[in-house]
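Trainee: kindly return the folded structure for what I paste below:
(2 chains)
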Amino acid sequence: MKKWQVEVVMLLAALGSWFVVGTRAQAKTYTIATDTTFAPFEFQAKGGTYKGIDIDILKAISKREHFTYQLKAISFGAAVQQLSADQVDGVIAGMNITPERKQTFDFSNPYYTSGVVMAVAKGSKIKSFSDLKGKTVALKTGTAAATYAKTLQSKYGFKIKYFNDSNNMYNDVKVGNSDACFEDYPVMSYGIKNGIALKIVSKQYAAGDYGFAVKKGKNAELLKKFNAGLKEIKADGTYKKIVDKYLHSSESSLTGETASSRTFVGLFTQNLGTIGSGLWMTLELTVISIILATILGLALGVLGVMPGKIGPAISSTIIYIFRGMPLMVLAFFIYIGFPDLIGHGFKIPAFVAGMITLMLNEGAYTGAFVKGGFAAVDDGQMEAARSLGLPYWKAMRKVIMPQGIRIMIPSFINQFIITLKDTSILSVIGIVELTQTGTLIIARNFEGFKIWLMIAIIYLIIITLLTWLSNWVQRRIN
Amino acid sequence: MAKVIVKDLHKSYADNEVLKGLNLEVQDNEVVCMIGPSGSGKSTFLRCLNDLEVPTEGQVVISGYDLSDKGTNINLVRENIGMVFQHFNLFPHLSVLQNITLAPTQLKKSSQEDAEKMARDLLATVGLSDKADAMPKSLSGGQKQRVAIARALAMHPKIMLFDEPTSALDPEMVGDVLDVMKKLAADGMTMIVVTHEMGFAKEVADRVVFMADGQIQESGKPDEIFNHPQSPRLQDFLDKVINV
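Mentor: Residues are numbered from 1 along each chain as shown, chains lettered A, B, ... in the order given. This is a model prediction of the structure:
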């Protein structure tokens, strides 16, 4: 075998073993999903670890009941979806116990009771629900607050705008795009205490209970342990200590940040570790996906220009499907839909799902321009090669491909840059890459402008480097 | 047995019949020139001889191999048929030398060294010894076509097909290419040449075939064709091409 062939085989072997190990490791311990931005119940502290009432309660209970778990911080919506698709064993995310949810999930005994409040921007004149007529209300999908606000909509005549995490919802109200938001009281009051420029203008409504959830009929033992542990920590005072710690102290004492760390440079050095690991994840995803997508794209391209009808038909169909599907839909389909279809507790690690998503999507785009590139090589080239007695594949490899690929280089560079940027979409399936890192940091410190600026600059730097590298390769080839 | 046997050859593109039943035999060492107006099917006919076009009907037998037989390995047959195209079709990403050595080395006909030595000999024959390392884009049309001939010869073909080899050349380049072809003919190569060079046909051809409307209208020795044309179609054609 040639060197590059060996490399490809090794890469595939590595990916394969990763897949197996990833699945097996999760089978031994429970995987418990939580939200990413729901302080004080869960939020990311300095250095990337998660803290909050939910997290500490879970930790305390697991110690009492001797079980191990792996925490998976994703968006609330994704956590609930993954639980119903059997991708995780449990969810603890300030989740309200509702009759609808009980259809799909089994809940623990309530571990916290909270009500919904309405919050508006600091300078706002809105004082009650009746001021909402014709205004826009921001809600977070899947929350009890959203359900409650929806029941008010027809009576008070407001418009609704949905968000996937609390922080974006707050900001939308803060900058005035929306006029009010509905949120669980402890979450809202914690946020305000820690610098969100909003104010609470209602009392608590529709009080509900938070529960730990497992999929209906599954993990009964885990649920039993949770209930037993909860009873214990309530009895020995641990529970009260945890709740008090988060509800009655300021954020900085929990995250370890100081006032001086709120400058651009301060924020950067403070979050260097978190940003670094997010950046690393982005680069890893980008590089592996570029390699896989290029292989797939070349295969699709070659298939697309093959004589006969079958090859081109297969190629066009695959390109049609994966180019036509939004990347986010594809990611959800592979990560959540596909295991759901297979059943039997089949799981795909998020990273592998993300990689496959990018490979298929970017591979389809690559396939389309590779096909075009090969087709752009003059027909006479193939005829000349064949007339010398070269078989089709040899002619393809020695004559058509080298010329076609030269034509494609600018498209390849373009596609590499798109792939890099598209990795950010994978944050929806819980991959903590650079963009998601930004979301998480902001969820903690609410420094939207500075952090997004930072993230944007990092993307631009990598893209510049990637462009330089590509141009250098292009010069070498020509 | 004749080197090339064509029996009742038909070729259609959808409803358009381009070749309407051709019969031709070419003997060893024979040089056949095919003349006729544009669109008469000369090039299509030539391309049927090495299966670049698949006939709709009829039979083509090259050195005993029947091309329509599914058991025939077309790649092996093609190794014995060199083809030179109107637009040269040199491989632009390879040097002149690599253009010539690609097929012999890829098809394991000779080692890299042997192939290179042979390529240099062939370049000397076509008068381009100094261009071995040049890239095709730096060559003139005439030089390109001579490299293309050398490339075809590198496979030691038994038959050479020329598809209007000088039609895309500037007039002053035509002579060099024709000289190379004359040399080949003199060395006993079996050649089928589609051409508009009536002078070349007169001088070199053993037989001239006149095609029009997808059929062979007349064929014979150059003297018969050019000096004693029988059909009005050929007379008309010659009037047009010779008395310009």
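
Trainee: thought A:Arg323 was touching A:Asn361?
Mentor: Yes. Using Cβ atoms under 8 Å, A:Arg323 is in contact with A:Asn361, at 7.3 Å. Quick note: C-beta positions are derived from backbone N, CA and C, even for glycine.

Trainee: up against chain A, what does chain B have?
Mentor: B:50, B:52, B:75-76, B:78-79, B:81-83, B:85, B:87, B:89-93, B:102-103, B:106-107, B:148, B:151-152, B:155 (Cβ under 8 Å from any Cβ of the partner chain).

Trainee: and residue 126, what is it in contact with?
Mentor: Chain wasn't specified; assuming chain A. Shown in contact with A:Ile126 (Cβ atoms under 8 Å, 6 or more residues apart in numbering or on different chains): A:Val120, A:Leu132, A:Lys135, A:Asp179, A:Ala180, A:Val201.

Trainee: switch to chain B, that's the one I care about
Mentor: Taking Cβ under 8 Å, 6+ apart, one finds B:Arg146, B:Val147, B:Ile149, B:Ala150, B:Val180 in contact with B:Val126.

Trainee: could you dump the longest helix seen in chain B to PDB, C-alpha only?
Mentor: When chain B is parsed with DSSP state H, its longest helix is helix B:171-186. Output of helix B:171-186 as PDB, limited to C-alpha atoms (Å, rounded to 0.1, in the frame of the first residue of the first chain):
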ATOM      1  CA  PRO B 171      -0.600  27.000 -43.000                       C
ATOM      2  CA  GLU B 172       3.100  27.200 -42.400                       C
ATOM      3  CA  MET B 173       3.000  24.400 -39.800                       C
ATOM      4  CA  VAL B 174       1.200  21.900 -42.100                       C
ATOM      5  CA  GLY B 175       4.300  20.900 -44.000                       C
ATOM      6  CA  ASP B 176       6.200  19.700 -40.900                       C
ATOM      7  CA  VAL B 177       3.400  17.400 -39.800                       C
ATOM      8  CA  LEU B 178       2.800  16.100 -43.300                       C
ATOM      9  CA  ASP B 179       6.500  15.300 -43.600                       C
ATOM     10  CA  VAL B 180       6.400  13.200 -40.500                       C
ATOM     11  CA  MET B 181       3.300  11.400 -41.900                       C
ATOM     12  CA  LYS B 182       5.100  10.800 -45.200                       C
ATOM     13  CA  LYS B 183       8.000   9.300 -43.400                       C
ATOM     14  CA  LEU B 184       5.700   6.900 -41.500                       C
ATOM     15  CA  ALA B 185       4.000   5.900 -44.700                       C
ATOM     16  CA  ALA B 186       7.400   5.200 -46.300                       C
END
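
Trainee: show me the biggest strand of chain A in terms of residues.
Mentor: As assigned by DSSP state E, the longest strand anywhere in chain A is strand A:112-121.

Trainee: mind listing the helices for the stretch 151-300 of chain A?
Mentor: A:166-174, A:185-193, A:220-235, A:238-247, A:251-255, A:264-270, A:272-304 (DSSP state H, counting those that start in this stretch).

Trainee: contacts for whichever helix or strand comes after the last one?
Mentor: As assigned by DSSP states H and E, the chain's next helix or strand after helix A:272-304 is helix A:310-324. Taking Cβ under 8 Å, 6+ apart as the criterion, the residues outside helix A:310-324 that touch it are A:300-301, A:303-306, A:330, A:360-361, A:363-365, A:367-368, A:371.

Trainee: using PDB, write out the CA atom coordinates for helix A:310-324.
Mentor: Extracted C-alpha coordinates of helix A:310-324, given in PDB (Å, rounded to 0.1, in the frame of the first residue of the first chain):
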ATOM      1  CA  ILE A 310     -26.500   4.200 -12.800                       C
ATOM      2  CA  GLY A 311     -23.400   6.000 -11.400                       C
ATOM      3  CA  PRO A 312     -24.600   9.500 -12.300                       C
ATOM      4  CA  ALA A 313     -28.100   8.700 -11.000                       C
ATOM      5  CA  ILE A 314     -26.700   7.600  -7.600                       C
ATOM      6  CA  SER A 315     -24.400  10.600  -7.400                       C
ATOM      7  CA  SER A 316     -27.100  13.100  -8.300                       C
ATOM      8  CA  THR A 317     -29.500  11.600  -5.800                       C
ATOM      9  CA  ILE A 318     -27.100  11.700  -2.900                       C
ATOM     10  CA  ILE A 319     -26.100  15.200  -3.800                       C
ATOM     11  CA  TYR A 320     -29.700  16.300  -4.100                       C
ATOM     12  CA  ILE A 321     -30.600  14.900  -0.700                       C
ATOM     13  CA  PHE A 322     -27.700  16.100   1.400                       C
ATOM     14  CA  ARG A 323     -27.300  19.400  -0.300                       C
ATOM     15  CA  GLY A 324     -31.000  20.100  -0.100                       C
END
